[in-house]
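Novice: Provided below for reference: sequence and predicted model.
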Amino acid sequence: MKDHPERKGRLQLIELMFAGHSWQEALAQSQLHVSRATAYRLRQLARDEEKVERAFLDDRHGHPYKLTEPVQGWISEFCTDHPQIASRQVQSELQSRFNIAVSVSQINRIRAKLGVGHLWRGRDQMSGKKN
């Protein structure tokens, strides 16, 4: 994730704060749009060797990066073949096939982006009863 657009700004912000600049000055020079709390949190993360990669967006565990093009292709094909399948079941399949753990909301966003949303049947239709 070294080419992330915010990485350079975060690095500059942290360097300036370590150099003694106020968070406002460092923020203005880095041209980031983060809050005071985030600026200090980034500085604190940079101090901890075990957490420094999070400050610079290295080794990020965000969900969009887990769902790569091949995985999205599989989701598209799988959901096209099984239009009634719930995202919870897609989540289980992703875990078993690709060893990827993502939230149902992320799966729903990807399904909407790919145009393979869940064809939901109401409770009345599922049970065969009408109230």
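Specialist: On my side now, so go ahead. What you are looking at is a predicted structure, and each value in this text was computed from that prediction instead of being measured.

Novice: buried residues of the one helix or strand Ala46 maps to, list them for me.
Specialist: For Ala46, the element it lies in under DSSP states H and E is helix 36-47. In terms of neighbour count (16 or more other Cβ atoms under 10 Å), helix 36-47 has its buried residues at 39, 42-43, 45-46. All C-beta atoms are positioned from the backbone trio N, CA, C, and that covers glycine.

Novice: who are the packing partners of it?
Specialist: helix 5-18, helix 23-30, helix 52-55 (3 or more Cβ pairs under 8 Å, 6 or more residues apart in numbering; DSSP states H and E).

Novice: weakest of those helices in terms of mean pLDDT?
Specialist: The minimum mean pLDDT among these belongs to helix 52-55 (a mean of 66).

Novice: how about Ser30, what does it touch?
Specialist: Taking Cβ atoms under 8 Å, 6 or more residues apart in numbering, we find Ser30 in contact with 9-10, 12-13, 16.

Novice: could those go into TSV alongside distance to Gln89?
Specialist: Formatted as TSV, the contacts of Ser30 follow (distance: Cβ to Cβ, whole Å):
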residue	distance to Gln89
Gly9	40
Arg10	38
Gln12	45
Leu13	43
Leu16	49
